[in-house]
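Colleague: Predicted structure and sequence below. I'll ask about it afterward.
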2 protein chains.
Amino acid sequence: MHLPDMSSLSPTARVILGLLAWQSRTGYEIKQVTDRSTRFFWGASYGQIYPELRRLEDAGLVDSREEPRGRVPRRVYSLTEAGRRAVDGWLAEVDESYEIRDEGLLKLFFGDLVPPEQLLDLVGRRRVWYQETAALFRGIGDELDELDETSGTVLRYGIELMEWNAAWWADLEQRLS
Amino acid sequence: MHLPDMSSLSPTARVILGLLAWQSRTGYEIKQVTDRSTRFFWGASYGQIYPELRRLEDAGLVDSREEPRGRVPRRVYSLTEAGRRAVDGWLAEVDESYEIRDEGLLKLFFGDLVPPEQLLDLVGRRRVWYQETAALFRGIGDELDELDETSGTVLRYGIELMEWNAAWWADLEQRLS
DNA sequence: GGAGGCATGTAACCGGTTACATGATTTA
DNA sequence: TAAATCATGTAACCGGTTACATGCCTCC
């Protein structure tokens, strides 16, 4: 067991520890939950989750017990007290990263290089994509009942951000045509 | 000289080629320009730029000539015709990636784990950050004169997005207090 | 003379995705 | 019985950041 170095908590580790602070879960379940909730602003893949769970257990921030379903092996992870302290420590840090990677915006940036109708096509596609994503998020919200909690607030952020974007690109589309 | 494989144009390569489509530049200048324009939705570091320029030259998408300033070595890169075709090809693709990594949102997601005043503090910090970033972008806009071009439109997007965020977090702040 | 900007580059590291591999169980 | 879902994991690869290293030139 190594010293838990809180300053080096990787992004994926933060998501995992946060989710485990609510309840114990398997790696598979963690993936499920992130796909339905944090995916759009903080995703996680199996290739990260399973090795990370090992590292976290190694560091003493989580522990696990085997809970097979029939003959299907299954390992449930729980937050330790040290893990809980690590989560609290991270939540108390006063620095939050923010990053966007938007290829549509990059293409718009270089929009002067293409004929107007191609640019208009791009803008229209983006508008549609934002509308569809907003609808997708609304659908997730309809299945949820915990919209009053902070996790619900984040979903609302997602919906409203997508709607804002849909409106912005629709506006640009109109001005270009 | 290798075959230029357009389908494998890395994100950084796209930014570089796009900028070179406007005018020839050194690696240093490319960094300058991205820092003032695409940085907030598509950044680039020296550690990427210089090796990428080499690879692009190897692939025949750019070429370069030495243009030292006094005894300071300096290499100016230009887009070749194959490079221009690669840019046009990329711009014509109908698929654009979109990604957000927002640690503030992640903390809000787990907001139920912390005392209300700590959550309020986080929300306030985020609101301030968006306000400041909006102001920063507006400052960049004031120095620019090409606000009618598509690159100017992208800056406007940045400003308005930051303003929308500032308003959203301010609203949440008010409801929490 | 010193600070800051111009200019180029590399090495180590890191976080993440994708594809692959395996097998049990449940559902249509 | 076939497909989908549950469940775990690894290896190869990739794109990117950070820190480091070097040296000239200009302006205060």
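Modeller: Yep, that arrived.

Colleague: where does the residue of chain A found nearest DNA strand C sit relative to A:Thr12, distance-wise?
Modeller: Closest to DNA strand C within chain A is A:Gly47: 2.3 Å, counting by CB to the nearest atom of the strand. Heads up, the C-betas are built off the backbone N, CA and C, glycines and all. Separation of A:Gly47 from A:Thr12 (CB to CB, to the nearest Å): 10 Å.

Colleague: Compare those two (neighbour count), which wins?
Modeller: More crowded of A:Gly47 and A:Thr12, by other CB atoms under 10 Å in any protein chain shown: A:Thr12, with 22 against 9.

Colleague: all strands for chain A, in order.
Modeller: For chain A, strands defined by DSSP state E occupy the ranges A:25-26, A:62-66, A:75-79, A:98-102.

Colleague: Show me what the third one packs onto, helices and strands only.
Modeller: Right, strand A:75-79. Using 3 or more CB pairs under 8 Å, 6 or more residues apart in numbering or on different chains; DSSP states H and E, the elements in contact with strand A:75-79 are helix A:11-22, strand A:25-26, helix A:27-36, helix A:46-58, strand A:62-66.

Colleague: Could you pull up the mean pLDDT of that strand?
Modeller: Throughout strand A:75-79, pLDDT has a mean value of 98.

Colleague: neighbouring contacts of that strand?
Modeller: Outside strand A:75-79, the residues within contact range by CB atoms under 8 Å, 6 or more residues apart in numbering or on different chains are A:17, A:20-21, A:24-27, A:30, A:53, A:56-57, A:61-67, A:87.

Colleague: one more time with 10 Å, if that's ok
Modeller: A:16-30, A:50, A:53, A:56-57, A:61-68, A:83, A:85-87 (CB atoms under 10 Å, 6 or more residues apart in numbering or on different chains).

Colleague: List buried residues within those.
Modeller: A:16-21, A:24-27, A:30, A:53, A:56-57, A:61-62, A:64, A:83, A:86-87 (16 or more other CB atoms under 10 Å in any protein chain shown).

Colleague: in chain A, which segments are predicted with low confidence?
Modeller: Applying pLDDT under 70 to chain A flags residues A:1-7, A:147.

Colleague: what residue of it is the furthest out?
Modeller: Of all residues in chain A, A:Pro115 has its C-alpha farthest from the mean position, at 35.9 Å, by CA atoms, centre = their mean.

Colleague: can you give me phi and psi for that residue?
Modeller: The phi/psi pair for A:Pro115 (degrees, to the nearest 10) reads phi -60, psi 150.

Colleague: if I pick it, what's in contact with it?
Modeller: The contact partners of A:Pro115, taken as CB under 10 Å, 6+ apart, are A:Asp121.

Colleague: likewise A:Glu117?
Modeller: Contacts for A:Glu117 (CB under 10 Å, 6+ apart) come out as A:176-177.

Colleague: A:Ala21 too?
Modeller: The neighbourhood of A:Ala21, defined by CB under 10 Å, 6+ apart, consists of A:78-79, A:83-84, A:86-88, A:91, B:110, B:112-113.

Colleague: got TSV for those, with distance to DNA strand D too?
Modeller: As requested, those are exported to TSV (distance: CB to the nearest atom of the strand, whole Å):
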residue	distance to DNA strand D
A:Ser78	13
A:Leu79	16
A:Gly83	17
A:Arg84	21
A:Ala86	20
A:Val87	21
A:Asp88	25
A:Leu91	21
B:Phe110	22
B:Asp112	24
B:Leu113	23
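
Colleague: Filter these down to the buried ones.
Modeller: Among these, those buried by neighbour count (16+ other CB under 10 Å) are A:79, A:83, A:86-87, A:91, B:110, B:113.

Colleague: ok, of the residues you listed, which one's closest to B:Glu149?
Modeller: Closest approach between the buried ones among the contacts of A:Ala21 and B:Glu149, by CB to CB: B:Phe110, at 41.8 Å.

Colleague: Is the closest one in contact with A:Thr153, as I believe?
Modeller: No: using CB atoms under 10 Å, B:Phe110 is not in contact with A:Thr153, being 11.4 Å away.

Colleague: does A:Arg127 really touch A:Met162, like I thought?
Modeller: No: assessed by CB under 10 Å, A:Arg127 is found out of contact with A:Met162, at 11.0 Å.

Colleague: Need the residues that contact stretch A:42-51.
Modeller: A:10-16, A:18-19, A:26-28, A:30-31, A:33-35, A:38, A:52, A:75, B:99-103, B:105-106, B:109.

Colleague: again, only this time at 6 Å
Modeller: Residues outside stretch A:42-51 that contact it (CB atoms under 6 Å, 6 or more residues apart in numbering or on different chains): A:12, A:15, A:27, A:30-31, A:34, B:106.

Colleague: Near DNA strand C, list only the ones from the residues you listed.
Modeller: Filtering those for neighbours of DNA strand C using CB under 7 Å from any atom of the strand leaves A:Thr12.

Colleague: now the contacts of stretch A:42-51 as JSON lines including distance to B:Arg175?
Modeller: Formatted as JSON lines, the contacts of stretch A:42-51 follow (distance: CB to CB, whole Å):
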{"residue": "A:Thr12", "distance to B:Arg175": "31"}
{"residue": "A:Val15", "distance to B:Arg175": "25"}
{"residue": "A:Gly27", "distance to B:Arg175": "36"}
{"residue": "A:Ile30", "distance to B:Arg175": "30"}
{"residue": "A:Lys31", "distance to B:Arg175": "32"}
{"residue": "A:Thr34", "distance to B:Arg175": "27"}
{"residue": "B:Leu106", "distance to B:Arg175": "20"}
